[in-house]
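>>> 3D model of this:
(one chain, ligands or ions: 1)
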Amino acid sequence: MLEITNLDVFYGKIHALRAVSLNVRQGEIVSLIGGNGAGKTTLLCAISGLIRASAGSISFAGADITRRAPERIVQDGCSHVPEGRLVFSPLSVADNLRLGAYGRSGPDARESAAEDLERILEMFPVLRERRRQAAGTLSGGEQQMLSIGRALMARPRMLLLDEPGMGLAPLVTREIFRHIVTLRDSLGLTVLLVEQNARRALKIADRGYVLETGRVTLTGQSRDLLANRDVQRAYLGRDIDV
Ligand code: ATP
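Sure thing, here's the model as predicted:
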């Protein structure tokens, strides 16, 4: 579904990604772990077209999207849920969700968006309860569900999730992670997940990649990474909530 080959990204003189290669197969959950500043967010932004790579290639569902515009990449089926739950605060929950269908066109666009809205409210009952409430007044966990719901309104085949558990209480994060697994199991969604809590991310993922100062230093099945001494020392030692 996603194939990244030798990707390089610079911010001015800062070499943020160095010859990164990574792939995600259809229906997989793959987690990307790494310390602060390793380049995880940069990689997601490069995939979704928000940052341009200076070398290398990104292919999605068999097409080269390396230089494609972000809105086209969403239309092609790859949706990015950015870090920090960027909802439109003054707008209602329902309007935030409707905006996720913005790129949709055709005679039945409005009707199909209404159907999808209904499906998403079914998936996240708390959003239904609060559908008329301003998004900015939701709790952190509810805003995260709204961000994911909004991305789903674009009918993606693949979700890029940047730190969905950031700043949330452990119980709430666990609920969000349950939703991620359900999305894969019920809709067949493919997921690339960036998460600070490496243990939790690897527990729901099929495979993982370790990124260190812009390079992939290790990759493997999640269970092997969880058992790897270097990974344990660097990324799993401080996780108290498992
Ligand atoms: P974190 O877990 O702390 O969010 P990350 O792994 O997501 O980190 P990135 O945000 O991708 O890391 O940053 C990778 C490197 O690129 C860092 O050294 C960062 O300082 C640098 N960087 C990121 N964004 C910019 C920018 N807009 N301008 C300059 N440098 C940047």
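>>> pretty sure residue 67 contacts residue 51?
No - counting by Cβ atoms under 8 Å, residue 51 is not a contact partner of residue 67; they are 11.9 Å apart. C-betas here are computed from N, CA, C, even on glycine.
>>> who has more neighbours out of those two?
In this view residue 67 and residue 51 are compared by other Cβ atoms under 10 Å, and residue 51 has more residues nearby, 18 against 10.
>>> skipping its backbone neighbours, what lies nearest the more buried one in space?
Spatial nearest neighbour of residue 51, chain neighbours left out: residue 45 (4.2 Å); criterion: Cβ to Cβ, 6 or more residues apart in numbering.
>>> in terms of helices and strands, where is the one you found?
Per DSSP states H and E, residue 45 falls inside helix 40-47.
>>> what helices or strands is that helix leaning on?
The helices and strands touching helix 40-47, judged by 3 or more Cβ pairs under 8 Å, 6 or more residues apart in numbering; DSSP states H and E, are strand 2-11, strand 14-24, strand 29-33, strand 55-60, strand 78-81, strand 158-162, strand 190-194.
>>> pLDDT score assigned to the spatially most central residue of the chain?
Note on the chain: the residue nearest the mean C-alpha position is residue 161, at 1.4 Å, using Cα atoms, centre = their mean. Residue-level confidence at residue 161 comes out at 95, pLDDT.
>>> surely it touches residue 180?
Yes - look at residue 161 against residue 180 with Cβ under 8 Å: they come within range, at 6.9 Å.
>>> joint contacts of the two?
When contacts are counted by Cβ atoms under 8 Å, 6 or more residues apart in numbering, the set common to residue 161 and residue 180 consists of 148, 191, 193.
>>> grab the nearest non-local neighbour of residue 139.
residue 172 (7.9 Å).
>>> same question, residue 190
Counting by Cβ to Cβ, 6+ apart, the residue nearest residue 190 is residue 158, at 4.3 Å.
>>> tell me what the one you found is bridged to.
Taking DSSP bridges as the rule, residue 158 bridges to residue 78, residue 190.
>>> going forward can the numbers begin at 20, since that is how I track them
That works, and once the first residue is 20, the last one we named lands at residue 177.
>>> give me every residue that touches it.
Contacts for residue 177 were tallied using Cβ under 8 Å, 6+ apart; they are 20, 21, 43, 79, 96, 97, 98, 208, 209, 210, 211.
>>> what's the neighbour count on the last one?
It refers to residue 211. So residue 211, with other Cβ under 10 Å, has 27 neighbours.
>>> correct me, but it touches residue 181?
No - with contact defined as Cβ under 8 Å, residue 211 does not reach residue 181; the gap is 9.4 Å.
>>> between those two, what contacts are shared?
residue 63.
>>> which bits of the chain sit near the ligand?
Counting by Cβ under 6 Å from any ligand atom, the chain comes close to the ligand at 30, 33, 35, 53, 55, 56, 57, 58, 59, 60, 61.
>>> again, 5 Å this time
Taking Cβ under 5 Å from any ligand atom as the contact definition, the chain meets the ligand at 30, 33, 35, 55, 56, 57, 58, 59, 60, 61.
>>> the fourth one: neighbour count?
For residue 55, the number of neighbouring residues by other Cβ under 10 Å comes to 6.
>>> do the last one as well
Other residues near residue 61 come to 23 when the count uses other Cβ under 10 Å.
>>> wait, it touches residue 28, no?
Yes - counting by Cβ under 8 Å, residue 28 is a contact partner of residue 61 at 5.5 Å.
>>> any shared contact partners between these two?
Common neighbours of residue 61 and residue 28 (Cβ under 8 Å, 6+ apart) are 35, 36, 70.
>>> and those, which is closest to the ligand?
Checking those against the ligand with Cβ to the nearest ligand atom, the nearest one is residue 35 at 3.8 Å.
>>> who's in contact with that closest one?
28, 29, 58, 61, 233.
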